[in-house]
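Build the 3D model from these lines:
(one chain, ligands or ions: 1)
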Amino acid sequence: MFDNLSDRLGGVFDKLKGRGALKEQDVRDAMREVRIALLEADVALPVARRFIDAVTEKAVGQEVLKAVSPGQQVVKIVHDELVRTLGGDPDDPQSSMAGEGLILEAKPPVVIMMVGLQGSGKTTTTAKLGKLIREKHGKKAMMASLDVNRPAAQEQLAVLGEQVDIATLPIVAGQQPVDIARRAMESARLQNFDVLLLDTAGRLHVDAALMAEMKAVSQVSTPTEVLLVVDSLTGQDAVNVAKSFTDEVPLTGVVLTRMDGDARGGAALSMRAVTGKPIKFAGTGEKLDAIEPFRPGSVADRILGMGDVVSLVEKAAATIKEEEAEQLAKNFEKGKFDLNDLRMQLKQMQNMGGLGMLAGMMPGMKKAKAAMAASNMDDKVLVHMDAIIGSMTAKERAHPGVMNAKRKKRVAAGSGTDVQTVNKLLKMHQEMGRAMKQIKKMGGLKGLAAMFGG
Ligand code: GDP
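Numbers count the residues shown, from 1 in each chain. Predicted coordinates for the structure are as follows:
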């Protein structure tokens, strides 16, 4: 998700962070690059412009430029502005991490009307939401397809309904959308369903007939939510579609599908600013559980490559021994990360599903992951690494800086590996240590936790 944008921004900020002091011109130069990155990500021009203006204004302030780590501060300012652009409030991390949920508290059946163009993923999303409403909200949902245009659309929903075990309204051939909506309301009421999901007809383009139909359906079903489903891969087109719908029907939110394949992120970043509507969910795959609440805070973290530290900590907490976890966390807070810590982590990595999994969750992960891929590292390597650290003296483990050519040779022989592998391990340790220091600068785990509302 957002890989291209993430890489581009990462490059800009690495340059900024690499310097001790920053001048106003450095920030302005960096912002020019960020602006290009945003435009290449297909962010709408006015949104990119506003973003850059807001960030620049805050970042060229004397306090930032005089701070101990100005580069880091600029990243924080960009992060907060990303959260805002995505529809969150960086001063209220809790809400930014929770996202805007569904409004389900109304007299049942609560109606959720799904609208969108053909092929946007509307029918799939309807089924995903039916499942989510049962699993996350504990409510009983019924689905009905009002799509009489596309052949077999109603059958498609019925098939998906069976897959996720969500009831669908029986199909009556020849019935028109407004009448189907009425029948669905009646049926949901009689059978005590909490929620009724109406999958309306898609079209290839936004047209008058479609809008008239949406309005008529909305009048008879008085939906609590009108969710527009758009394909994030279509970038600014998705935003334009949303804009035309917004002018016609009272949308309460947007679902962005195919976020799993969206390397750019333009639709997500422009949507709120252009339409004023919150993105409520992200579709992240074809499977029927591939839907996530859209959390502006978490998406901003991912874009800046500092994403899943919280998930990592949560996952670690669930799998590793409590004392070890505490020790690691303590060291982490102190900024200590020597080879003993690395060894402890390597063991835990094995328990947690291996290297690839973990590298994906580490901060600064892109580089570490690339380094691993480049060196063909797999889980066998974990065993080698453990052997290498095992062959070191206590002093070497605590102060890896002392490792010279002679020591490396000895350790390679002792562990049955070679000097190259020893070097790889030392390099990886360095990368990880650097990433940890970065987190520490941002306020450590506690600071991060606070940002995430913990
Ligand atoms: P509709 O015409 O708008 O109802 O679109 P469908 O629900 O039939 O979806 C069209 C295609 O997109 C199907 O093959 C879905 O599996 C796929 N799809 C829907 N949502 C997602 C998503 O979030 N990610 C991915 N990768 N595919 C999706």
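
The lengthiest helix in the chain: which residues count as buried?
Determined from DSSP state H, the single longest helix within the chain is helix 419-441. Buried positions in helix 419-441, judged by neighbour count with 16 or more other Cβ atoms under 10 Å: 421-422, 424-426, 428-429, 431-433, 435-436, 438-441. In short, each C-beta sits where N, CA and C put it, glycine included.

Check stretch 90-97 too.
For stretch 90-97, the neighbour count (16+ other Cβ under 10 Å) marks 90, 93, 96-97 as buried.

residue contacts, the residue in the stretch 251-400 of the chain positioned nearest to the ligand?
The minimum distance from the stretch 251-400 of the chain to the ligand, using Cβ to the nearest ligand atom, falls at residue 283 (2.5 Å). Contacts of residue 283 were listed using Cβ atoms under 8 Å, 6 or more residues apart in numbering, and they are 121, 124-125, 128, 229, 255-260, 290-291.

State the pair within the residues you listed that is farthest apart.
229 and 260 (15.0 Å; Cβ to Cβ).

neighbour-wise, which of those two wins?
residue 229 (27 against 14; other Cβ atoms under 10 Å).

hey, what's the more buried one bridged with?
residue 116, residue 255 (DSSP bridges).

Might one say that it is in contact with residue 119?
No - contact between residue 229 and residue 119 fails when scored by Cβ atoms under 8 Å: they sit 10.1 Å apart.

Okay, and residue 144 sits in which element?
For residue 144, the host element (DSSP states H and E) is strand 141-145.

what lines up beside that strand in the sheet?
Per DSSP bridges, strand 141-145 is paired in its sheet with strand 167-168 (parallel), strand 195-199 (parallel).

Need the contact partners of that strand.
Strand 141-145 is contacted from outside by 109, 123, 126-127, 129-130, 133-134, 153-154, 156-158, 161, 166-169, 171, 180-181, 183-184, 187-188, 191, 193-199, using Cβ under 8 Å, 6+ apart.

ditto for stretch 95-106
Contacts of stretch 95-106 (Cβ under 8 Å, 6+ apart): 83, 87-90, 110, 112, 129, 133, 137, 139, 194-195, 224-225, 252-253, 278, 280, 293-298, 300, 452-453.

Give the buried residues for it.
96-100, 102, 104.

Nearest spatial neighbour of the spatially most central residue of the chain, chain-adjacent residues omitted?
For the chain, the residue nearest the mean C-alpha position is residue 299 (4.0 Å; Cα atoms, centre = their mean). Leaving aside its sequence neighbours, residue 299 sits nearest to residue 86 (Cβ to Cβ, 6 or more residues apart in numbering; 5.5 Å).

Quick one: name the residues of the stretch 251-400 of the chain near the ligand.
Contact residues, the stretch 251-400 of the chain versus the ligand (Cβ under 6 Å from any ligand atom): 257-258, 260-261, 283-286, 290.

is it possible to export those residues to JSON lines including pLDDT and secondary structure?
Listed next are those as JSON lines, based on pLDDT from 0 to 100; DSSP: H, G, I helix; E, B strand; the rest coil:
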{"residue": "257", "pLDDT": "96", "secondary structure": "strand"}
{"residue": "258", "pLDDT": "94", "secondary structure": "coil"}
{"residue": "260", "pLDDT": "86", "secondary structure": "helix"}
{"residue": "261", "pLDDT": "86", "secondary structure": "helix"}
{"residue": "283", "pLDDT": "94", "secondary structure": "strand"}
{"residue": "284", "pLDDT": "90", "secondary structure": "coil"}
{"residue": "285", "pLDDT": "91", "secondary structure": "coil"}
{"residue": "286", "pLDDT": "93", "secondary structure": "coil"}
{"residue": "290", "pLDDT": "89", "secondary structure": "coil"}
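
Type out the PyMOL command that picks the buried ones from those.
A single PyMOL command selects the buried members of these (16+ other Cβ under 10 Å):
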select buried, resi 257+258+283+284+285+290
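
Identify the farthest-apart pair in the residues of the stretch 251-400 of the chain next to the ligand.
261 and 290 (11.5 Å).

so residue 129 is in which element?
helix 122-137.

quick revisit: I'd like to know which of the contacts of residue 283 is nearest to residue 304.
Using Cβ to Cβ, the contacts of residue 283 come closest to residue 304 at residue 259, 16.6 Å.

how near is that closest one to residue 246?
Between residue 259 and residue 246 the computed distance is 20 Å (Cβ to Cβ, to the nearest Å).

related to what we said a few turns ago, near the ligand, anything from the helix holding residue 129?
Yes - judged by Cβ under 6 Å from any ligand atom, helix 122-137 and the ligand are in contact via 122-124.

Which member of the buried residues of helix 419-441 is positioned nearest residue 216?
residue 439 (53.7 Å).

re the thing from before, dump the strands paired with strand 141-145 into CSV; add mean neighbour count and mean pLDDT as well.
Below are the strands paired with strand 141-145 laid out as CSV (neighbours: other Cβ atoms under 10 Å; pLDDT from 0 to 100):
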stretch, mean neighbour count, mean pLDDT
strand 167-168, 20, 97
strand 195-199, 28, 97
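
Out of these, which is closest to the ligand?
Of those, the one closest to the ligand (Cβ to the nearest ligand atom) turns out to be strand 195-199, at 7.2 Å.

Tell me which residues are up against the closest one.
104, 108-114, 122-123, 126, 129-130, 133, 139-147, 153, 157, 181, 184-185, 188, 217, 221, 223.
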